[in-house]
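1. using only what follows, build the 3D model:
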Amino acid sequence: MKIRSIPCLALVALAGTAQAYWTVTNLNPTGAGFSESFGVFGTQQAGYSLVTGSYRASLWNSTAASFVSLHPSGATRSEAYAISATQQVGFATIGGIPRAGLWSGAFNTWVDLSPFGATSSYARAISGNKQVGETTLAGAQHAALWTSTAASWVDLHPVGALNSVAHGISGNQQVGQARVSGADRASLWNDTPASWVNLNPAGSDASVAYATSGTQQVGFAYVGVQQHASLWAGTALSWVDLNPTGANQSIAYGVFGGYQAGYAKFGSTLKAGVWTGTAGSWMDLHAFAPAEFSGTVAQSVWADPNFVYVAGWGYNPTLLTYHSLLWKMQIGRKVSGHINTGGGRFLLTISVQFRNAGTQTNVGSPVVANVDVNGNYVAVAPGEANYDITVNPSGFLRRTINANVITGDVTTANLNLLPGDIVDDNVVDLSDYTKLVVYFNKTSSDAGWSTPDAEGIRPSDADLDGNGVVDLTDYTLLVTNFNAIGDN
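-> Prediction:
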C-alpha cells in the first residue's frame, strides 16, 4: 500500500507565468518566543524576533540558524521592516521614543534617521540610498523621505491632509496613505509633497498603498465594507481588484517583478498568497505552510530569473505564537497535459515524479500539481533534460510517459489512467476484487468509511469513481481493467 501523504515540496501553477516549485522554511530562531519577517531581498529577510524578553530587529539568510540580531545598544525594542541589498530599515526605541533607523547588516551599524523635533518616527521601506516611513510632528503623522541621514529628511505630507504615512519606495516613487476629507487615500509621490497623487478608486470609501515596484503599486481598497487587495499603475483609474473569488477580505503588501504578495481571508482563515496581476491569478501559499500554522500572511516578494522569494509569517494556535516564514519558488520549464481518469474519481491534485529518461532513477522529490476543472495539469521539470514522468494516484495503476524538455516546454504530456487498483500494488487482480466485495454497498455516510482495515485499506478506497458509494459502477471499472498491470 502507498502512504497517502503530501510531499513537503509542492508544485503550483501561477497563471500567466512560468511554473514553479514551492518550499517553505520556518525562520523562527532557536529560543525565540515568536518572530515575523516583513521584507525580502534576494536570499535575505528582515523582520523581528522576541529574544530574551525583548523585540529585536532581525536579519536572516533563508534559514533559522542564520539569524542576526540588529538590536542597537541602548534600545528597548527594535524591528526591521524592509531590506534592499546590504541595508535594512525599521526603528529602535531609545529613551522611550521610537526612532527610524538604518542598518547595514549588523547591530553596530545602526543610523538614527529621526529628524529634530519628531516625537516618533519609523522607516518602512528602502530602495537604493532612499528610505521612507513617517515622523510624528505636533501630534500628526507625516510621510517621510530620507537619503540615509536624519538631516536629509523630506516631509512628504500633502497639503490639506490630516495624517500621512509612506509605506513603500522604488527609485523615485513612494507610496502610502494620506488622510484627506476624513478618509485614508492610497497615495503616490515622486520625492516631493507637491507630487502627491490620490490613487483612491472611484466609489471606495478608503484605501492604502503599501508597496511599489516599476510601474505597479499594491495595497487595498474598500469595496463596500470589505478590504480588497488592489493593484494600480500610477492612477486611480488604473485600479485592479485582486480579491480572489470566495475571499471576504484581502490585502496586498508587496510587489516585485510582476508578482504581488499578501493574503486573502476565507471565512476566519488568513491565507498567504501571490498574484500576477489579476484576481484569478491568486495562488494559495498557505497550502504549503507546515500544518501547525492555522493562518499565514505574505508581507513581501522579490524575484530573480531563477527564484521567487516571499517573506511573511504564520500563526501557531497551539503555541499562541507567530513564526517568520519564507516561501521559495523555483522557476523552470513546464510539462503540461490532460488527465483522463478512465471513469475513475476526479483528481484535484496529482503527485508527479521526474525520472531520468528510460530509467527508474528519480530526479528530485515528487511534486504536487494542481488539476483544473477540465482535467489539465502543469508540472515543472527540475532542469532542462530528457525525463520520464510517472504518476501513481491511489486507486489507479502507475502511468509513466516521456517528457523531454531540453528544447522547451512539453504541452502534450497527456496521462491516461486506469482505475481499479484498490490495494495499490500496481495490478488489478483478485485482491482488489476481494476488497470491493467486502465493501460493496458501503457509503460515505457509514461509520468507518475512512477507517483503514488491518491491511491499510479503507472502504472509501473501493469507491473508484468517487461518488460516495461502492456500487456497480465501481465493480464495472474493476472488471473492465482486470488483469491490467501498471507501468514501471
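2. just the helices in this structure please.
-> In the chain, helices defined by DSSP state H lie at 430-438, 472-480, listed in chain order.
3. residue most distant from the centroid, this structure?
-> Computed with Cα atoms, centre = their mean, the residue of the chain farthest from its C-alpha average is L430, at 45.2 Å.
4. mind pulling the model confidence for that one?
-> In this model, L430 is scored at 97, pLDDT.
5. T17 too?
-> With respect to pLDDT, T17 has a value of 36.
6. kindly report the same for T63.
-> pLDDT, T63: 96.
7. identify the residue spatially nearest to it, adjacent ones excluded.
-> Closest residue to T63 in three dimensions, ignoring its sequence neighbours and counting by Cβ to Cβ, 6 or more residues apart in numbering: T25, at 6.6 Å. Glycine gets a C-beta too; all of them are placed from N, C-alpha and C.
8. beta partners of that neighbour?
-> The bridge-partner assignment for T25, based on DSSP bridges, gives L326.
9. is it true that it touches L326?
-> Yes: when contacts are counted by Cβ atoms under 8 Å, T25 is listed as touching L326 (4.5 Å).
10. those two: who's more crowded?
-> More neighbours surround L326 than the other of T25 and L326, with 23 against 16 (other Cβ atoms under 10 Å).
11. tell me how far the more buried one lies from G257.
-> L326 sits 17 Å away from G257 when distances are taken as Cβ to Cβ, to the nearest Å.
12. same check on N376?
-> Distance of N376 to G257, computed by Cβ to Cβ: 26 Å.
13. quick one: contacts for the residue nearest to T23 when sequence neighbours are not counted?
-> Closest residue to T23 in three dimensions, ignoring its sequence neighbours and counting by Cβ to Cβ, 6+ apart: K328, at 5.0 Å. If a contact means Cβ atoms under 8 Å, 6 or more residues apart in numbering, then K328 has 22-25, 62, 307-310 as its contacts.
14. show the pLDDT at K328.
-> Confidence at K328, expressed as pLDDT, is 92.
15. what does the one 10 residues further on give?
-> The predicted structure scores H338 at 97 on the pLDDT scale.
16. distance of it from G466?
-> According to Cβ to Cβ, H338 stands 18 Å off from G466.
17. G337 too?
-> According to Cβ to Cβ, G337 stands 21 Å off from G466.
18. next: A272.
-> Here A272 is placed at a distance of 30 Å from G466 (Cβ to Cβ).
19. who has more neighbours, these two?
-> Under the neighbour definition other Cβ under 10 Å, A272 and G466 were set side by side, and A272 has more, 30 against 16.
20. tell me what the more buried one is bridged to.
-> With beta bridges defined as DSSP bridges, A272 has these partners: Y263.
21. OK, contacts around it?
-> Residues counted as contacts of A272 (Cβ under 8 Å, 6+ apart) are 261-263, 284-286, 289, 296-298, 310, 312, 314, 325, 327.
22. one more pass at 7 Å, please.
-> Taking Cβ atoms under 7 Å, 6 or more residues apart in numbering as the definition of contact, the neighbours of A272 are 263, 285-286, 296-298, 312.
23. weed out the non-buried ones from those residues.
-> Members of the contacts of A272 that pass the buried threshold by neighbour count (16 or more other Cβ atoms under 10 Å) are listed as 263, 285-286, 296-298, 312.
24. let's have the residues you listed in a markdown table, adding pLDDT and distance to P393.
-> Conversion of the buried ones among the contacts of A272 to a markdown table gives the following (pLDDT from 0 to 100; distance: Cβ to Cβ, whole Å):
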| residue | pLDDT | distance to P393 |
| --- | --- | --- |
| Y263 | 98 | 31 |
| L285 | 96 | 24 |
| H286 | 95 | 24 |
| T296 | 98 | 27 |
| V297 | 98 | 32 |
| A298 | 98 | 30 |
| G312 | 98 | 31 |
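25. for V197, give its distance to R179.
-> According to Cβ to Cβ, V197 stands 16 Å off from R179.
26. need the contact list for N198.
-> Contacts for N198 were tallied using Cβ under 7 Å, 6+ apart; they are 185, 187, 236.
27. out of those residues, which end up buried?
-> Neighbour counting by 16+ other Cβ under 10 Å classes 185, 187, 236 among these as buried.
28. OK, contacts around the residue nearest to the first one when sequence neighbours are not counted?
-> Leaving out its chain neighbours, the residue that sits closest to R185 by Cβ to Cβ, 6+ apart is N200, at 4.3 Å. Under the criterion of Cβ under 7 Å, 6+ apart, the neighbours of N200 are 185-186, 207, 221, 236.
29. what's the closest of the residues you listed to G246?
-> Minimum distance to G246 across these is 18.6 Å, recorded for A221 (Cβ to Cβ).
30. show me what that closest one is bridged to.
-> Partner residues in beta bridges with A221, using DSSP bridges, are S207, H228.
31. distance of the closest residue to D471 other than its chain neighbours from D465?
-> When the adjacent residues along the chain are set aside, D471 lies closest to N441, with 7.0 Å between them (Cβ to Cβ, 6+ apart). N441 sits 15 Å away from D465, taking Cβ to Cβ as the criterion.
32. again with A118
-> A118 sits at a distance of 68 Å from D465 (criterion: Cβ to Cβ).
33. report how many residues lie close to L477.
-> Burial measure for L477: 23 neighbouring residues, criterion other Cβ under 10 Å.
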